[in-house]
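Student: Show me the folded form of this:
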Amino acid sequence: MKKKSLLFLILLMPLITGHAGAQESREIELTAQGILARVDRVMEYPAGLIKGKIKHVSPDGKSYDIGVTGYITQDNYLFRFSSSERGSQLKVLYNLGGEDIWVYNIHSLKLFHKLGIDKYDPVLATNFYFIDLSGADLQSNYTAEITGEAFVRGRDSYRLVLNPIFRGGSYGMLTLYVDKKEFVPLRIDYHDRDRAIFKFMTVVKTVKRKGRITPIRYDMMDIRKGTVTIMRFFDFDENVTFKSGMFRSENLGE
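Tutor: Predicted coordinates for the structure are as follows:
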């Protein structure tokens, strides 16, 4: 009987080991997606009226500034971009939590629906693409895997690789470095379709507002062009309410 019992355990061991490995892999996958969920919460725009400025700097030191005003609700965001030289230039509307993008050129009076690869067009020749400002959830658009740990800007962080669920965009992959304590995305590396890094963004500064962390400065560096775009938010007003009609694409020309 003892020999039969021993033989049964030996035959059963690979099944137990395989099950444990699959379970461990599943736990890692859930943890990675859980980290993305926390990053998404950190990156949410605060509801209300927000104001800021974008500065784009060329390798020769030349720069230009763009003013940005955001009208933010839970599922819809409308941004107006302007400059002192050209006045109001662009309205960018994000519906469905950033998944649906509409752009209205104020000077040419033209409306564009950004679909597919068009979402990766630059905003007023800066390093930020329209999709970068969309606020769309990472967990809804990427599958995540924890690939290790790193020390980024003086903080212990997780390193995650994010692969797009839907192919066809300019980003073949993202590498995400997330602060272990507060789940702030310290750095995001953007890879092209050949998986080479061509730009990266760092969340340089955050503040705590109403019990949550809010990023207020983002630096986006284009490695190939040698340009940097800095976006800062400095004014928040949560007491503003908006008419629902302003978040409809057909009203952007008004």
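Student: Just the mean pLDDT for stretch 175-188, thanks.
Tutor: Mean pLDDT, computed over stretch 175-188, is 96.
Student: Put the alpha carbons of it into PDB.
Tutor: Backbone C-alpha positions of stretch 175-188 (Å, rounded to 0.1, in the frame of the first residue of the first chain) are rendered in PDB as follows:
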ATOM      1  CA  THR A 175       7.000  50.900 -20.600                       C
ATOM      2  CA  LEU A 176       5.500  52.300 -17.400                       C
ATOM      3  CA  TYR A 177       7.400  53.100 -14.100                       C
ATOM      4  CA  VAL A 178       5.000  53.400 -11.200                       C
ATOM      5  CA  ASP A 179       5.800  54.700  -7.700                       C
ATOM      6  CA  LYS A 180       5.200  51.800  -5.300                       C
ATOM      7  CA  LYS A 181       3.600  53.900  -2.500                       C
ATOM      8  CA  GLU A 182       1.400  56.400  -4.300                       C
ATOM      9  CA  PHE A 183       1.100  54.700  -7.800                       C
ATOM     10  CA  VAL A 184       2.100  57.900  -9.600                       C
ATOM     11  CA  PRO A 185       3.400  57.100 -13.100                       C
ATOM     12  CA  LEU A 186       6.900  58.500 -12.700                       C
ATOM     13  CA  ARG A 187       7.800  57.800 -16.400                       C
ATOM     14  CA  ILE A 188       6.100  56.400 -19.500                       C
END
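Student: Pull out the buried positions in that stretch.
Tutor: Taking 16 or more other C-beta atoms under 10 Å as the basis for neighbour counts, the residues of stretch 175-188 that come out buried are Thr175, Leu176, Tyr177, Val178, Asp179, Phe183, Val184, Pro185, Leu186, Arg187, Ile188. For every residue, glycine as well, the C-beta is placed using N, CA and C.
Student: and the first one, what element?
Tutor: With elements delineated by DSSP states H and E, Thr175 resides in strand 173-179, which encompasses its position.
Student: Walk me through which strands that strand pairs with, and which way each runs.
Tutor: The partner list of strand 173-179 in its sheet, established with DSSP bridges, is strand 155-164 (antiparallel), strand 185-191 (antiparallel).
Student: could those go into TSV alongside distance to Arg209?
Tutor: Formatted as TSV, those follow (distance: least, C-beta to C-beta, whole Å):
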stretch	distance to Arg209
strand 155-164	20
strand 185-191	18
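Student: Packed most tightly, which of these would that be?
Tutor: Highest mean neighbour count of the strands paired with strand 173-179: strand 185-191, a mean of 21 (counted as mean count of other C-beta atoms under 10 Å).
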